[in-house]
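>>> let's see this in three dimensions:
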Amino acid sequence: MKEATGEDISTRAMMDYFKPLMSWLEEQNKGRQIGWE
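From the prediction side, this is the model:
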């Protein structure tokens, strides 16, 4: 975030905002292999 704004800021608000999406994505991807075969 510092490169984008020039200031040190917390990403907590952004993480809180996207938490429902992150939880949904984790559930959708449960059991899937990550990476190449």
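>>> so for the strand or helix carrying M15, what's the average pLDDT?
According to DSSP states H and E, M15 maps onto helix 12-28. For helix 12-28, mean pLDDT rounds to 96.
>>> now it: how far from the chain's centre is it?
6 Å (C-alpha atoms, centre = their mean, to the nearest Å).
>>> buried residues, it. List them.
Across helix 12-28, burial judged by 16 or more other C-beta atoms under 10 Å covers no residue at all. All C-beta atoms are positioned from the backbone trio N, CA, C, and that covers glycine.
>>> from the contact counts, what lies against it?
Helices and strands touching helix 12-28, as assessed by 3 or more C-beta pairs under 8 Å, 6 or more residues apart in numbering; DSSP states H and E, are absent.
>>> so how far is M14 from K30?
Distance, K30 to M14, by C-beta to C-beta, to the nearest Å: 24 Å.
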